[in-house]
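Undergrad: Structure for the following, please:
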Amino acid sequence: MEQFLKRIENLLTVKSIVTLALTAVFACQAVRGEVSQDFMMIYTTVIAFYFGTQAQKLQSGAETRHDDGASE
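TA: Residues are numbered from 1 along each chain as shown. Just a heads-up that it's a prediction; the model follows:
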């Protein structure tokens, strides 16, 4: 239960809220067939940044655990 609450808390960060809102707008525009090139560029940049920072966090966490000898 504690892990579930932590994940919900992480979803309420500004970065996550912006990403979710842009994804909702993108989905609406895609259904209507109205996705502009400008919006696609912005959306792609935000998504790349979001997942890039998530991957970096996971990688740095894995390196820390490896350096400590906790997991091989």
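Undergrad: Leaving out sequence neighbours, find the closest residue to Tyr50.
TA: Spatial nearest neighbour of Tyr50, chain neighbours left out: Thr19 (4.8 Å); criterion: Cβ to Cβ, 6 or more residues apart in numbering. Bear in mind the C-beta positions are built from the backbone N, C-alpha and C, glycine included.
Undergrad: In the helix or strand that contains the one you found, which residues are buried?
TA: Assigning secondary structure by DSSP states H and E places Thr19 in helix 14-32. For helix 14-32, burial by neighbour count (16 or more other Cβ atoms under 10 Å) applies to Thr19, Leu22, Phe26.
Undergrad: and the first one, how far is that from Thr13?
TA: Spelled out, it's Thr19. For Thr19, the distance to Thr13 equals 9 Å [Cβ to Cβ, to the nearest Å].
Undergrad: How about the last one?
TA: As defined by Cβ to Cβ, Phe26 lies at a distance of 20 Å from Thr13.
Undergrad: same thing with Leu20?
TA: On the measure of Cβ to Cβ, Leu20 and Thr13 end up 10 Å apart.
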